[in-house]
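Participant: coords below, sequence missing:
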């Protein structure tokens, strides 16, 4: 079974631009979550989607948004990029058939975003 | 407000000995706890989990202990191997929302 796939792996943008990151979950997983990882801050939760609906949201500004499609694939968008948005963005999926609660997150390898 | 804390940024252990990684949490509503391992340039890999109704779970060389009264979680790796060298994150969840610690970098010395 293929794992979580994130594209692109690396991205360089300049301040003020916007960016869209893509995530394909493990086949059969219906929940997709996004996390930001920066040095010393661990993994900060951005949002979670389940069946195309945002189910949970972290404490990030409105410049960070996401969506999920009917095939469970998800995209995350960051508008008006700031230098502080430079980070590793991780996507995770969970909730295979019959697993709707207390199932582990499975992560992709992330997209490394650098804002200059 | 960091609800899950890993107070040791790094740990070094001799090959063959036990590695003990610790994690504390503040939210008594957490009901599911996990450990992840992360190598550079890769995403975190799920290692082992435990439900709040248990106090111990084993999987091969990895054992997770949960002390609910102390709000403390630990991961034991026995015996430690050089390939275990990585960053370890603990996580806790409630209602499908997960909270992660800041990680402990484990180095296993051959």
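Facilitator: Sure thing, it's come through. Predicted, not measured: the structure shown is a model, and the values here were computed from it.

Participant: For the residue most central in space within chain A, pull up the helix or strand it's in.
Facilitator: By C-alpha atoms, centre = their mean, chain A has its centre lying nearest to residue A:34, at 2.9 Å. If you go by DSSP states H and E, residue A:34 is part of strand A:31-38.

Participant: Give me the mean pLDDT for that strand.
Facilitator: Strand A:31-38 carries an average pLDDT of 94.

Participant: quick one, what contacts the residue nearest to the centre of chain A?
Facilitator: With contact taken as C-beta atoms under 8 Å, 6 or more residues apart in numbering or on different chains, residue A:34 is in contact with A:23, A:45, A:46, A:47, A:48, A:66, A:74, A:76, A:89, A:90, A:91, A:92. From N, CA and C alone the C-beta is placed, and that goes for glycine too.

Participant: neighbour-wise, which of these leads?
Facilitator: Among these, the one with the most neighbours (other C-beta atoms under 10 Å in any protein chain shown) is residue A:91, at 30 neighbours.

Participant: Does that one touch residue A:107 like I think?
Facilitator: Yes. Counting by C-beta atoms under 8 Å, residue A:91 does reach residue A:107; the two are 7.1 Å apart.

Participant: shared neighbours of those two, which are they?
Facilitator: Common neighbours of residue A:91 and residue A:107, using C-beta under 8 Å, 6+ apart, are residue A:4.

Participant: For residue 17, what are phi and psi?
Facilitator: I went with chain A, as the question did not name one. Here is the backbone geometry of residue A:17 (degrees, to the nearest 10): phi -80, psi 170.

Participant: neighbours around the closest residue to it other than its chain neighbours, how many?
Facilitator: Closest residue to residue A:17 in three dimensions, ignoring its sequence neighbours and counting by C-beta to C-beta, 6 or more residues apart in numbering or on different chains: residue A:81, at 5.2 Å. Neighbour count of residue A:81, defined by other C-beta under 10 Å: 19.

Participant: Leaving aside the residues adjacent along the chain, what's closest to residue B:29?
Facilitator: Spatial nearest neighbour of residue B:29, chain neighbours left out: residue B:94 (4.7 Å); criterion: C-beta to C-beta, 6+ apart.

Participant: Bridged to that neighbour, which residues?
Facilitator: Beta-bridge partners for residue B:94, by DSSP bridges, are residue B:97.
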